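*Asks:* here are the coordinates; sequence isn't available:
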C-alpha cells in the first residue's frame, strides 16, 4: 500500500466505474488491517467536520447534499439497506439504468414478493367480503430478514389454500342448498297449482272442483272424439324473473300455442353461490301433449337457462319428496353455518396480522428494488451503491450502516465514501405540517435549483396577506378562520378519515388547513383596515368627522357635502385610529375614495414585492460565487426598478404627506405626471408657491397657475430627466456585459482542458471530481498494479476527452437579450398586474354590498306582522348560503388563484429558476399504508 494513503482510499481506487470490473491485486497487509483502521481513519475527518458545522435550517435554502458511494458486503447489504430505509434520508442512484428489469440480480426475490402481495390481496379481498377491515394501527414492524421470507411465504400459502378450500366447499354447499331450495319451491308451488288434484292413477275429486288441469285440458284439447280423456304431460322448474316475458312468448311462438304455462314468484330472494348477490326467480309449470312438444319445450328451457326439477305426478309422492328436501335443507343449513364460522375464524386470525404482513412485504420488495440499483462484484462478493445524502446526516447514515453490519454479525465493515462530483444534486427542503403546503405551492411552479433561495418562507407571510388584500372583510375572514381552526384542532381525527376518503375536494381543503387559517387571520386585519364587516362599517373609536348640517339643510338638498375644513377635527382628534373612518360607509363618493386608496396600495405592495425578488437574486449570485453578475445584472436591474417604479412610490408618499384639503385644486395627477415623465413634457406653474401646500392658503388657483398637470416640486424636470437616463443606461449594461463574461469563462476553461495532461494517483471512483479539477472531464481510466518489493501501488491514468465545442456565444447573447427585454417589459406589466389586488377587492366589496342590500336588508325592513318574524329566518338562511357559496367559496377561490399567479409570475420570476429536481429518499414511511389496492 502506498505510503501516506489511507487503507480506505486505496480500496476505493480499485473500482474503475465500468460495470462490476475490479482490478485483481494482492494486499501487502491483510484486509483485516483495513477493517481495524477504517473507523478511525475513514470517518474521523468527516465527524470532525460535521461537529464544526453549525446545524442550520434548510427551509430558506435547500440542504447541502453530497454524493456518496457505499461498499456493502453481500451478507450485510440487505440489513444495511433496511436500516437506511428506516432512516429515510438517502436517495439511491440507479447504476443499472440500461439493464432489463428481468436481467437484474434480485428479480427472483421481487417476483416472490409480488406473489406474496397477490396472496395478501386475496386475503384482504376476503376480509372485505365479511366486512372486516385491515386494522389501522401505528405499528411499524422492521423488514424481516431474507430467511424469514420462507416462513411468510409458507404462512400465506397455507392461509390462501385454506381460504380457497373453505370458499370452494362453501360454494358447493350453497349451490346444493340453492338447488334444494328451488326444488322445495317447485314442489310447494305445484302442490298449490294442482290443488290436491290426483293426477294419473287417482280419481278426480267431486263435481264442480276447478283446478289447473281442467284449465289445461280446455286450452289444449279442442275436441275429443274417442270419448277417452287425453293424458297431458308437464315439466316444472325455475327461471330468472326478468326472463319470464321472453320465455312465455318463445313458448307460444315455438309451440304454436299448444302448451299451457303457469308461473309464480318465489317470495324469498335466492343467493348466488359464487358472487353472493340476490337473485329473483319464478317457479313455472308447462303442460303439453305429446313427446314432440315435450322435447321442444325442454330445448327452450335450456336456451333460457331455466333449471328443470323432477316433479312426481301424485300428490303423495310430491309431499314425501317435499319432506325429504326439507330435512336435507335443515342439515345443509347447519353445515353452512359451521363452514361460515370456520371461515370467519380464519379471517379473524388473518385480520390481526395482515397489517404487519403488508408492511413487511412492501418493505422487502422496496429493499430488493433498491439492491437492483446497485452494482454487484462477484469476485469480491460486495455491492456498490451511489446515493445522495444531506451532509448534516452523514453520521446517522454511517451509524445505520454499522447497525446493519451488526445485525448479521458480519466481520467485514460497510464503507461509506464521500465523492466530489459535477452532477447537480437534488433539492431537499425540510418541511413540517405547517410549511408543507407553502412548499407545495412553490414546487407546483418548479422545484428550486440546488441551494437556490427558497421562496416558501417569504410566501408564508406574503401569500395570505395578498389574498387578504383582495378578500378583506372581517366577517368573511372570521368564518374562514373558524373553519380552518376546526380542521387544525381536529387534525388527528380528520386525518384518518380523509386518508380513507376518495373526496379530492375534502383532501385539498384539509391539506391547506394552515394556509386557510392564515388567510382568514390576515382577512381579519384587512377587514379592520377597510372597516368592512359583511359590507357594513363598525364605529369602534368614534368618527373624526362632525357634521354641522341641520334637518332643514337636508330638506333643501338630497345630499350634503362635508368639507374637511369645517367638519373634520384634525387638531384634537386626528384621523380614525385604525383603518377607514366609518363615516365613508354612508357617503356617496365612498367608491371614489376607496378605489384611489386601494389602487395606490396595490402599486406599493407590488413594487415592494418585486424589489424583494430582485434582492433575493443578489443573494443567489453571492451564494454561488457569481460576484460579477452582481455588478452586471443585479445592480442595473435594481437601478432600473428603483428609477422608474421606486420613483413612482416616492411620488405617492410625497403626495400623501404634502397635500391636504386646503390645496386640493392643485393636487397633481400622478398617472399623468408619470406618463409625461417619459414624454419629457412639463408644465411650469406661475408661482413657486404652488410647490408647497401651506403657501396656497392666501392664493387662488388662477394666481398660482397650477393644476393637476403642472410640476409640483422644485427641480422636478431635472430629477426626472436624470432618472430616465439612468434607467436607459441600465438596459445596455444588462444586455451586453454578461454574455462576454460568460464567453471569457468558457475560454479559460477551454485553455485548461487543452493544456491538461496528467496522471492521477488519487482518483478513486467513476464520476468523481477531485478538488481543483472541477469542469475537467475525463476519458478512459486504466489501472496498473505494481508489486515490487511487497508494495502495491494503484495508478489511474486519465486521458482527456476532446474539447467540448457545444458552447455557442450567439445562443448566450440571444438568451440574455430575451432576459433583458422580459425584465424591462415585465417591470411595467407586472406592476400593472398587481392592480388586480384593487380590482378583486372592489369586486368582493360590491358583491357583499349587493347581498346585503338586495336580500338581507329587505328581510329586515319587512312590515308583515307575525309572519315577518318567521320569514326573517328564511331570508337569513338564504343570505348565509349565498354568502358561503359566492363570497367565501367562489370569491375565495378566485382570490387564491390570483394570489398564486402574483407569486409565480410577478415575484418568483425575479430570482427563481425552478429547474431542479426533488430529493426523493428511500423511505419506509411510504410503505406505512397497510393496503395493496392499486385503485
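*Replies:* Noted; the coordinates are in hand. Remember, predicted model here, so these are calculated numbers, not experimental data.

*Asks:* quick one, strands of the stretch 351-500 of the chain?
*Replies:* In the stretch 351-500 of the chain, the strands defined using DSSP state E, counting those that start in this stretch lie at 375-377, 382-390, 415-419.

*Asks:* Check the chain too.
*Replies:* In the chain, the segments counted as strands under DSSP state E are 65-73, 91-92, 233-240, 260-265, 270-271, 278-279, 281-288, 307-309, 375-377, 382-390, 415-419, 758-760, 778-788, 791-800.

*Asks:* about what we covered before: distance to residue 308, mean neighbour count and mean pLDDT for the strands of the stretch 351-500 of the chain - can I get that in TSV?
*Replies:* C-betas here are computed from N, CA, C, even on glycine. Formatted as TSV, these follow (distance: least, Cβ to Cβ, whole Å; neighbours: other Cβ atoms under 10 Å; pLDDT from 0 to 100):
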stretch	distance to residue 308	mean neighbour count	mean pLDDT
strand 375-377	66	19	86
strand 382-390	68	23	93
strand 415-419	77	20	91
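
*Asks:* Distance to residue 912 added to those strands, as JSON lines?
*Replies:* As requested, the strands of the stretch 351-500 of the chain are exported to JSON lines (distance: least, Cβ to Cβ, whole Å):
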{"stretch": "strand 375-377", "distance to residue 912": "37"}
{"stretch": "strand 382-390", "distance to residue 912": "22"}
{"stretch": "strand 415-419", "distance to residue 912": "29"}
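
*Asks:* mind listing what residue 529 touches?
*Replies:* Taking Cβ atoms under 8 Å, 6 or more residues apart in numbering as the contact definition, residue 529 lies against 472, 578, 579, 580.

*Asks:* one more time with 6 Å, if that's ok
*Replies:* Going by Cβ atoms under 6 Å, 6 or more residues apart in numbering, residue 529 touches residue 579.

*Asks:* And stretch 596-616, how far out from the chain middle?
*Replies:* 31 Å (Cα atoms, centre = their mean, to the nearest Å).

*Asks:* for it, which positions count as buried?
*Replies:* 598-607, 609-611, 613-614, 616 (16 or more other Cβ atoms under 10 Å).

*Asks:* Likewise for stretch 256-263?
*Replies:* 258, 259, 260, 261, 262, 263.

*Asks:* Residue 305 versus the last one, what's the distance?
*Replies:* Spatial separation of residue 263 from residue 305 under the definition Cβ to Cβ, to the nearest Å is 15 Å.

*Asks:* which stretch among the strands of the stretch 351-500 of the chain comes nearest residue 540?
*Replies:* Proximity to residue 540 (Cβ to Cβ) singles out strand 382-390 among the strands of the stretch 351-500 of the chain, at 50.9 Å.

*Asks:* just the buried residues of stretch 596-616 now: which is nearest residue 447?
*Replies:* Relative to residue 447, the closest of the buried residues of stretch 596-616 is residue 616; by Cβ to Cβ it sits at 16.7 Å.

*Asks:* For the closest one, list the residues it contacts.
*Replies:* 453, 911.

*Asks:* got a pLDDT number for it?
*Replies:* In this prediction, residue 616 carries a pLDDT score of 95.

*Asks:* quick one, what contacts residue 488?
*Replies:* Counting by Cβ under 6 Å, 6+ apart, residue 488 touches residue 513.

*Asks:* confidence score at it?
*Replies:* 94.

*Asks:* could you point out where the stretch 751-900 of the chain is predicted with low confidence?
*Replies:* Applying pLDDT under 70 to the stretch 751-900 of the chain flags the ranges 755-805.

*Asks:* how about the helices in it?
*Replies:* Ranges of helices in the stretch 751-900 of the chain, per DSSP state H, counting those that start in this stretch, are 809-833, 836-851, 857-860, 867-882, 891-901.

*Asks:* And those helices: which comes nearest residue 162?
*Replies:* helix 891-901 (53.3 Å).

*Asks:* got the buried residues for that closest one?
*Replies:* For helix 891-901, a neighbour-count test (16+ other Cβ under 10 Å) marks 891, 892, 895, 896, 898, 899, 900 as buried.

*Asks:* Same list (these) but as TSV, adding distance to residue 408.
*Replies:* Listed next are the buried residues of helix 891-901 as TSV, based on distance: Cβ to Cβ, whole Å:
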residue	distance to residue 408
891	62
892	56
895	58
896	53
898	58
899	54
900	51
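
*Asks:* and which of those is nearest residue 749?
*Replies:* Lowest distance from residue 749 to the buried residues of helix 891-901 (Cβ to Cβ) belongs to residue 900, with 40.3 Å.

*Asks:* Format the strands of the chain as CSV; extra columns: distance to residue 187.
*Replies:* Listed next are those as CSV, based on distance: least, Cβ to Cβ, whole Å:
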stretch, distance to residue 187
strand 65-73, 74
strand 91-92, 71
strand 233-240, 9
strand 260-265, 13
strand 270-271, 16
strand 278-279, 19
strand 281-288, 9
strand 307-309, 8
strand 375-377, 72
strand 382-390, 73
strand 415-419, 81
strand 758-760, 97
strand 778-788, 90
strand 791-800, 93
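
*Asks:* and residue 106, how many neighbours?
*Replies:* Look at residue 106: counted by other Cβ atoms under 10 Å, it has 19 neighbours.

*Asks:* closest to residue 837 out of the strands of the stretch 351-500 of the chain?
*Replies:* The nearest among these, by Cβ to Cβ, is strand 382-390 at 38.8 Å.

*Asks:* Listing partners with orientation, what would you give for that closest one?
*Replies:* Strand pairing for strand 382-390, using DSSP bridges, gives strand 65-73 (antiparallel), strand 91-92 (antiparallel), strand 375-377 (antiparallel).

*Asks:* what comes into contact with stretch 330-350?
*Replies:* Contact with stretch 330-350 is made by 123, 127, 130, 132, 159, 162, 166, 170, 173, 177, as judged by Cβ under 6 Å, 6+ apart.

*Asks:* With stretch 664-682 instead?
*Replies:* Here stretch 664-682 makes contact (Cβ under 6 Å, 6+ apart) with 648, 651, 659, 690, 701, 706, 708, 709, 711, 712, 717, 720.

*Asks:* Surely the third one and residue 706 touch.
*Replies:* No: Residue 659 sits out of contact with residue 706 when judged by Cβ atoms under 6 Å, with a separation of 11.3 Å.
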